[in-house]
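Novice: Quick check, what structure comes out for this input:
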Amino acid sequence: MDSVRNLREEFKVSTTVISQTLDLLERDQLIIREPARGVFVSRSNTVDNKPLRVILVFPEVGILPEVLPVGNWHANTEIYRGMLEVGIAHNTHIHLEYFPEAEDNFALNGQLQRLAGYDAAIFYGDQRRKLRSVAANEVAVVATVQFGAPAEYHESELAVGYSDRELVECLVDTIKSRGYRKCGCIAVPRTSDDVPFLHWRTLEYCRLGRAAGLPVPDDALQEVPFPVVAAEDEIVAFLRREKPDFLFYNSDHLEPLYNAVSKLNLQPGREIDFMYIGASSVCPICSRVTPPFRQIGREMISRIVDYCRWKRPLPSERIFLPPQIITGNSTGWSHDNRTDEM
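Specialist: Residues are numbered from 1 along each chain as shown. Here you go, the predicted structure:
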């Protein structure tokens, strides 16, 4: 390439502008600087395969079990793992950084400057709305991971995730042909925030189950009130009274359930079948419906690469990926169609 002086004279710009431009080209591995020899165009990288830079705007200090509940830690780990798998294969660097909520416009402008130089910024659900609303000023793609209930969505954004309703539908579709005599449901909230969501999921399970022909009587539905004092005793009393042969355990806090089943000397998968909807393999032997977290990460980066490198348009609607069924010993039919986690 020409010298800095020749480039400055040709393009009628300052030495600073030329130096900054060369810095950017070198960062993207499109040129190689060799001391005492000059600047050379890289043969290994072109515009079509230059490294892409994606920033993951994370609302916590990190994906750490010390700061996240086990379910959230597992979900975020799997999403990030899926992103890295596709990123490595497509020369795309993914940087995870903690962004606190901006307290004022000065802090917001500082966060916006941190996005400079990236090709895409990925946000989590409705987190960091202020930054997300202006991120398009710095990056080519603004993306959001959709967790369950759809987050605020803008048509120009890339949105990939899963639907809470589809998780319940998947559960009902999985059990509707199993010939159960009585299908029960018990909800056990961990926090006060869980109460309205678990209530909605109980009602949805009841509505979809009955529409599919499942025997879901009203007396086989129970919601343990919050704060939960004696969940184990509540479950024991419920199972003794209702005697369901299938139980949708509407919680991912499995310890009280297994303790209750043990107290009653019930053998999971033989005397009672049960499943839960959950993000983590907190109990590998328990059958569950789980969101496709790793696939969400893969799909997100694949779409970003398609747009930034090949100019393929972003989807005009949200992308909801189908749930996965993980079968274990808590259902008697698990050996018939066992599915391992990817």
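Novice: element containing the closest residue to residue 90 other than its chain neighbours?
Specialist: Closest residue to residue 90 apart from its sequence neighbours, by CB to CB, 6 or more residues apart in numbering: residue 305 at 4.8 Å. C-beta: built from backbone N, CA, C; applies to glycine. Taking DSSP states H and E as the criterion, residue 305 maps to helix 293-310.
Novice: circling back to that earlier point, how much space between the residue nearest to residue 90 and residue 27?
Specialist: Distance from residue 305 to residue 27, counting by CB to CB, to the nearest Å: 18 Å.
Novice: more neighbours, the two?
Specialist: Neighbour totals were compared for residue 305 and residue 27, and residue 305 leads with 22 against 13 (other CB atoms under 10 Å).
Novice: pretty sure the more buried one contacts residue 88?
Specialist: No. Here residue 305 does not reach residue 88: they are 11.6 Å apart, not a contact under CB atoms under 8 Å.
Novice: low-scoring stretches of the stretch 151-300 of the chain, by residue?
Specialist: Applying pLDDT under 70 to the stretch 151-300 of the chain picks out residues 151, 280-284.
Novice: Now do the strands in it.
Specialist: Per DSSP state E, counting those that start in this stretch, the stretch 151-300 of the chain carries strands over the ranges 158-161, 183-187, 221-223, 246-250, 273-277, 287-290.
Novice: Save those strands as a markdown table, and put in distance to residue 200 and mean neighbour count too.
Specialist: Shown next, in a markdown table, are those (distance: least, CB to CB, whole Å; neighbours: other CB atoms under 10 Å):
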| stretch | distance to residue 200 | mean neighbour count |
| --- | --- | --- |
| strand 158-161 | 18 | 24 |
| strand 183-187 | 10 | 24 |
| strand 221-223 | 11 | 18 |
| strand 246-250 | 10 | 25 |
| strand 273-277 | 12 | 23 |
| strand 287-290 | 16 | 24 |
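Novice: got the ones you listed as a markdown table, with distance to residue 129 columns?
Specialist: Below are the strands of the stretch 151-300 of the chain laid out as a markdown table (distance: least, CB to CB, whole Å):
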| stretch | distance to residue 129 |
| --- | --- |
| strand 158-161 | 14 |
| strand 183-187 | 30 |
| strand 221-223 | 31 |
| strand 246-250 | 30 |
| strand 273-277 | 27 |
| strand 287-290 | 28 |
